[in-house]
Each structure stands twice: as structure tokens, then as C-alpha cells.
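Dropping a prediction and its sequence here:
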Amino acid sequence: MEDMMNDRIGQLVDYIMKKCLWQFHSRSWDREKQNEGILTKTMQLLCGEPVETGTPTDKCYWVDAVCLADAFKTRYLWLATMDKAEIKLLMQGLKDRMDYLTITGSLNEELNDPHY
Amino acid sequence: MPYHEFKCSKCIPERKKHAVIKGAGEDLTSALPLGYLNTIPGSISERGCAYCGAKHVIGTPMKDVIHMSHGPVGCTYDTWQTKRYISDNDNFQLKYTYATDMKEKHIIFGAEKLLKQNIIEAFKAFPNIKRMTLYQTCASALIGDDINAIAQEVMDEMPDVDIFVCNSPGFGGPSQSGGHHKINIAWINQKVGNVEPKITSDYVINYVGEYNIQGDQEVMVDYFKRMGIQVLSTFTGNGSYDDLRAMHRAHLNVLECARSAEYICNELKVRYGTPRLDIDGFGFEPLSASLRKVGLFFGIEDRAQAIIDEETARWKPELDWYKERLKGKKVCLWPGGSKLWHWAHVIHEEMGVEVVSVYTKFGHQGDMEKGISRCEEGALAIDDPNELEGIEAMEMLKPDIIFTGKRPGEVAKKLRIPYLNAHAYHNGPWKGYEGWVRFARDIYNAIYSPIHQLAFVDISKDEISSDTKFLTQKMISDVNLSEEVTSSSELREYTGKYDSLAKLRGKTYPDLTSPKQSAAV
């Protein structure tokens, strides 16, 4: 079961790394906000929950989240077989993995530069 | 860490950490070269200087401006005239280039008088141009000329002119990227917020990190206008000085080249709350996703979808004609900064080529993160390569074509490998749907050029067969293709015009007033 979840997370990570740019902002704090904002909204869209789009920044996260959720649903048909709780678990695993690859485990020495 | 050590660089051991080969199962936490560091002494870098990065990449594409270098004439002349950052005002900024022509005597006695005289002379020579950008160089920076004070003196004496000062001398960073940073920050500090623009749409963007190489900007702005979006400014290709002073009024910053222009987007977000949306203007799928995102942001995604459908139907059969003929060809993708990640995955997916190596002259580790993520396993990634490393890589990888700048490109040609100019293009624009087909056509023409085939023959020693006949490109490219492909009624070669921009200039657009504006009227 855990293997299957890891395999699925790996597929989603591969998609993001190949097709998206939002995960590679230049500083750690930016990447934390991007990962949190976009992946949380993607999870909400996949679970049919309401999504906050009140501020321009929220709207920008939502735009990337809509495209990501659509791509996930089109490419990974196994998503349709999962219930809400499973999707939330999957997306939390995805967020943890993205945080590791782009922030905590990243070899990019510029991430903690205090200025842009 | 899967570092790759070049034989030619064994004598420069620090170079080892600047190249990696992405192996099976490896990710960014195990495969990432160093980047954006000072070039190691002894390694003959292909980089440009910080002055070049500020002026020639970012400042000078602004179209209605006198761009003056305060320094020796060579600083401006030797690098600017080969750029293809065109504009729709008869290429004013390309036709004329200005330097104060500092000599040895000015190093001793100072060159501030000379600078003031040059500024006034330039404005008088072009009385319709009232804007100037002024660049520090190594020579004027080292003697301490106060160019800000001189610019202010002139503005006080000539109230109808405005001057932007950029303090980015050549030594001001490890590479041209240091200059990108400096001019981004200088522009927002000095000029943004100084002009209030006329807003004509509910959907207002700044198009940032776009330099109108052979018309890229005009292609993209056409799409935005067809969606009813006002492009308030372009930073900076084909952009107007005063429009760029009004960047603070846009609703969204649409960012193309994050390497050169993310700084101003980040600062616009911090200072004015304008969000940053990163897009890809190259390739059918990434471009379609980008237009859709901009449409979604404003709630007009149906307009984006209409453009996507129309353009894809028109140009996809032509892209696929080239894809059939480029499948499996090996590419070294060796641009300056952002194109390594803009192109790495999409030329593989949409043109069928194999990217065997990526490199960046001045990119940061963030650019390598994007590029390595997007290319396939086994690709060699190199940061700030020197010429010998480039030669060794080409001999090892045996690519069919190189996408790079003109200096390493000429080296590739000597090794009998065709190259395309990744910075200035061959027959661009390469952005947009039609542009992407033009890029595929340029690749095809380079790889299958009958003239290039002759380069493989050494007439000094090879036997030349007397029954060798002249072959056309198609005879060479189609020899192993199936009948189904060669006689396809769906696929076709590029059918656009030699000048793909003419139809855009002077084009009128439908009035796409938003429902909100209509109700107000």
C-alpha cells in the first residue's frame, strides 16, 4: 500500500518537475509559499472543496492549481478511484516530497540569500 | 554526486563541481552543479560581463531611447551590433549606438565634462528622442566619475528629457547575470511609479523578461491583445521607456525569462502587491498552458482557448512534418541562461530530438534545477564551460546539432557540427505557434543542409566518388521514412511567409470591453 502511494507521489512529482516552473522561485521563503499555496489549492480542487481567490496572490496560486488539478485528472486515472481522505494523504505526501526536493534537500546555495 | 570531470580541466580541479551527469534514479538533491560563481582563473569562460548583462541584454532593447555608454567605444560597439532585439519603430535602438569614447587622458583627468557634452550632443542630434539610459563601464567606474550627478545636471538644464543611470560596470558581478540584477533593481528604484498610465482594459499586464528577439514580443503581444488584455509595458524588448515607468499599475506580471528579470517581478510583488506568473512562450503545449493561465487569472479563459484551438489547428501539421524528420537527432542545448529550461523538455516532446547535454554560461543553480529536471537521464549538465570542455563534450557526445551562441557556435562548425544561434535565432521569431514551426524548420535546414554534408568530406585525403550526385534536403531526410509519412496528406512543410511579423504590425483588434466596463457605460 505504501509502495503504491510512493509510486503515485513519484508520478505527480515527475509531472510537476517536467512541466511546471512555479516550484523554482529563487529563495526558500518564496518556495515555501509557492508549494503551500499551489499544492493546497490543488488538493482543495481535487477534493471539491472551496478555494480562496480573494487576493491577487491567491488568484495566482489558484491559476496554477487549476492547471495542475486538470493535468493530474487527465493523466492519472487512478485519482478517480481515490476518496477524499486518500487524496488528502496523497497530496500531503506530494507536498512533503516537493518541499524536500526544492527546499530542505536542495543543493541550491542561493536559496537562503536574504535579498532578492 | 555524479560529477563529471573533463580531461582537459584536470589541471583546474575546481571545475569538477561544475558538471554533472544525471544518472538513473537521481534527482536534484544528488545531481546539481555549482553555479553563479566567479570564473576560475585559467578557465577561458564564454561569459559576458556585468555591463553587458545590464546594457546589452536588458537596457538596450527599449526602443525609444538613446542608450549611452560612459566608457571606451569598444565596450558598446563590439557587442551590441550583433543583437537582433528588433522594434516596431524602425529599429531606432539598433541603428544607433553611443559611447563617450573615453581615452587614456580621461582616466587621468576625469571624464565628467566629456560625458555631459556627449549627452547634450546626443539629445540635439535626435531631437525627437527625450529619453536616455546611461551606463557605467569599468573605466569610468574605476576613476569615480559621478554619472548620477551629471545626469541630474542635464535634466535640470533640459527639463523635457529624462535619464536613467545604471551603475553596473563590467567587474560588478561574476557574469552578465550580475548586470541583470543591478539594472532590475535600479529601474524599480529610480523609475517605476513616476508615470501614471492610461488604463484601457480591465485586464492589464506587464510582460516581463521578453526581449523581442526577431519579433518574439510582437507575436506574444498579438495573442494578449486578441484576448482583450492591455500590455502596459514590456520589460524590455520593443518596450517604451515611459510605459516601463508605469509598471506599478499592472494587475499581473507575466514573466518569461526568470533568469534576467525575476528580480523586478519579485520587487513589484513586495512593493505593489502585483503577483508574478511564470510562463513558457516556446512550444505548443507550454504556450497553450501559459495563455490559459493568463486567461484564467482574468476570467477570460474562453478567449485563450479560442486562440489555442485556432493556432494549433493551423500550425500543428507543419510542426509534425519536421518532428518526423528530426526524431532521435542528438542536441546539445547550450544557451546562455533561461532557454536551457524553456526548451529542454519541449524540443524532446514536440520535435522528437534527444537532449544529450545542457549548459549555461551565466545561469544560477536555480536554472540548472529547472534544466536538469526537464531533461532526460544521461544528459551532461555543465555550468560556465570553457572552450576546451565544449570541444571534449562534443567529441564525447557526437551531437547532430548545437544550439548556442555565435562564439561557441563557430567552434562547433569547425568540428563539422551545425549550430543554431540560441541567443539571436536564425529565421525567427521562434516564439508562438508559427514561431515554433520556424524553429523546427531551422533545425531541419541545419541538420540536412546539402552543403553541410560536404563538410564531412576531407578533400585532402578522402576519395571522392565520381558518381556522387547532388542530394536535396528532402532526399537526405526522407531516406528512412515510411511511405505513410512521406506521402501523408496531413503533414506539410512550413507554409508561412518569409516575414511573419508584417501581418501583425498595424493590425486592428476587436473591442473586447469587459462586461463590467459595458455596464458602467
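Structure received.

Pull the number of nearby residues for residue 97.
No chain was given, so I picked chain A. By other CB atoms under 10 Å in any protein chain shown, 18 other residues sit near A:R97. For the C-beta atoms, the positions are set from N, CA and C on the backbone; glycine is no exception.

Let me rephrase: I mean chain B.
Using other CB under 10 Å, the number of residues around B:T97 comes to 18.

for B:D467, same thing?
4.

Now do the SS call for it.
Put simply, B:D467 is coil when judged by DSSP: H, G, I helix; E, B strand; the rest coil.

next one: B:L232
strand.

Would you check that it makes contact with B:V208?
No. Counting by CB atoms under 8 Å, B:L232 stays clear of B:V208, with 10.7 Å between them.

so B:Y223 is in which element?
Using DSSP states H and E, B:Y223 sits in helix B:216-226.

What helices and strands are in contact with that helix?
On a contact count with 3 or more CB pairs under 8 Å, 6 or more residues apart in numbering or on different chains; DSSP states H and E, helix B:216-226 meets strand B:204-210, strand B:230-236, helix B:301-326, helix B:432-447.

residues from chain B in reach of chain A?
Contact residues, chain B versus chain A (CB under 8 Å from any CB of the partner chain): B:27-29, B:32, B:34, B:36, B:251-252, B:258, B:262-263, B:266-267, B:269, B:273-280, B:286, B:289, B:292-293, B:296-297, B:341, B:345, B:364-366, B:369-370, B:373-374.

List only buried entries from these.
Neighbour-count burial (16 or more other CB atoms under 10 Å in any protein chain shown) applied to those gives B:27-28, B:32, B:34, B:36, B:251-252, B:258, B:262-263, B:266-267, B:269, B:274-280, B:286, B:289, B:292-293, B:296-297, B:341, B:345, B:364-366, B:369-370, B:373-374.

picking that back up, closest one to B:K414 among the helices and strands packed on helix B:216-226?
Minimum separation from B:K414 across the helices and strands packed on helix B:216-226 (CB to CB) falls at helix B:432-447, 15.4 Å.

Look at B:L232 and B:V208 and report which has more neighbours.
It is B:V208, of B:L232 and B:V208, that has more neighbours when counted by other CB under 10 Å, with 31 against 24.

gap between the most centrally placed residue in chain A and A:N6?
Among the residues of chain A, A:L39 comes closest to the average C-alpha position under CA atoms, centre = their mean, at 3.4 Å. To A:N6, A:L39 is 17 Å away according to CB to CB, to the nearest Å.

What of B:D320?
B:D320 is 36 Å from A:N6, by CB to CB.

for B:Y77, same thing?
Distance, B:Y77 to A:N6, by CB to CB: 58 Å.

Up against chain B, what does chain A have?
Chain A has residues A:17-19, A:21-22, A:24-26, A:30, A:55-57, A:59-60, A:62-64, A:66-67, A:100-102, A:105-110, A:116 near chain B, with proximity defined as CB under 8 Å from any CB.

What subset of those residues is buried?
A:17-19, A:21-22, A:24-26, A:30, A:56-57, A:59-60, A:62-64, A:66-67, A:101-102, A:106-108, A:116.

how many neighbours does the residue nearest to B:I44 when sequence neighbours are not counted have?
Spatial nearest neighbour of B:I44, chain neighbours left out: B:N386 (4.8 Å); criterion: CB to CB, 6 or more residues apart in numbering or on different chains. Taking other CB under 10 Å as the neighbour definition, B:N386 ends up with a count of 23.

Quick check, B:N386 in contact with B:E46.
Yes. Under the criterion of CB under 8 Å, B:N386 makes contact with B:E46 at 7.3 Å.

where do the helices sit along the stretch 101-250 of chain B?
Under the criterion DSSP state H, counting those that start in this stretch, helices of the stretch 101-250 of chain B are mapped to B:104-109, B:112-125, B:138-143, B:147-157, B:176-190, B:216-226, B:241-244.

Switch those over to a markdown table; also include mean neighbour count and mean pLDDT.
Formatted as a markdown table, the helices of the stretch 101-250 of chain B follow (neighbours: other CB atoms under 10 Å in any protein chain shown; pLDDT from 0 to 100):
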| stretch | mean neighbour count | mean pLDDT |
| --- | --- | --- |
| helix B:104-109 | 12 | 95 |
| helix B:112-125 | 17 | 98 |
| helix B:138-143 | 19 | 96 |
| helix B:147-157 | 16 | 98 |
| helix B:176-190 | 23 | 97 |
| helix B:216-226 | 22 | 98 |
| helix B:241-244 | 21 | 98 |
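
any chance of those in TSV, with distance to B:V358 too?
Formatted as TSV, these follow (distance: least, CB to CB, whole Å):
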stretch	distance to B:V358
helix B:104-109	41
helix B:112-125	41
helix B:138-143	31
helix B:147-157	38
helix B:176-190	17
helix B:216-226	21
helix B:241-244	32
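
right, so of those, which gets closest to B:E311?
B:E311 sits nearest to helix B:216-226 of all the helices of the stretch 101-250 of chain B, at 8.2 Å, using CB to CB.

got the angle for that closest one vs strand B:204-210?
Going by axes from the mean of the first three to the mean of the last three CA atoms, to 10 degrees, helix B:216-226 is angled at 160 degrees with respect to strand B:204-210.

which residues are contacting helix B:216-226?
Applying CB atoms under 8 Å, 6 or more residues apart in numbering or on different chains, the external contacts of helix B:216-226 come out as B:88, B:205, B:207, B:210-212, B:231, B:234, B:237-239, B:256, B:281, B:291, B:294, B:303, B:307, B:428-432, B:434-435, B:500-501, B:504-505, B:507, B:509.

Repeat that for stretch A:82-89.
Under CB under 8 Å, 6+ apart, the answer for stretch A:82-89 is A:M5, A:M43, A:L46, A:C47, A:G48, A:L79, A:L90.

6 Å instead?
A:L46, A:C47 (CB atoms under 6 Å, 6 or more residues apart in numbering or on different chains).

And for stretch B:265-277?
A:P56, A:T57, A:C60, A:Y116, B:I188, B:V208, B:H248, B:A250, B:L252, B:N253, B:V254, B:L255.

Using JSON lines, please lay out those residues together with distance to B:I417.
Output for the contacts of stretch B:265-277, formatted as JSON lines (distance: CB to CB, whole Å):
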{"residue": "A:P56", "distance to B:I417": "47"}
{"residue": "A:T57", "distance to B:I417": "46"}
{"residue": "A:C60", "distance to B:I417": "42"}
{"residue": "A:Y116", "distance to B:I417": "39"}
{"residue": "B:I188", "distance to B:I417": "42"}
{"residue": "B:V208", "distance to B:I417": "34"}
{"residue": "B:H248", "distance to B:I417": "47"}
{"residue": "B:A250", "distance to B:I417": "43"}
{"residue": "B:L252", "distance to B:I417": "42"}
{"residue": "B:N253", "distance to B:I417": "39"}
{"residue": "B:V254", "distance to B:I417": "36"}
{"residue": "B:L255", "distance to B:I417": "33"}
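
taking those one by one, which sit in strands?
Of these, the ones assigned to strands by DSSP state E are B:V208, B:L252, B:N253, B:V254, B:L255.

Number of residues surrounding the fourth one?
I take that to be B:V254. B:V254: 27 neighbours (other CB under 10 Å).

How about B:L420?
The number of residues packed near B:L420 is 22, by other CB under 10 Å.

And for A:D113?
By other CB under 10 Å, the residues close to A:D113 number 11.

Helix, strand or coil: sort out it for me.
Per three-state DSSP, the local secondary structure of A:D113 is coil.

And the pLDDT for it?
For A:D113, the pLDDT comes out at 87.

How much space separates it from chain B?
Using CB to the nearest CB, to the nearest Å, we find A:D113 at a distance of 10 Å from chain B.
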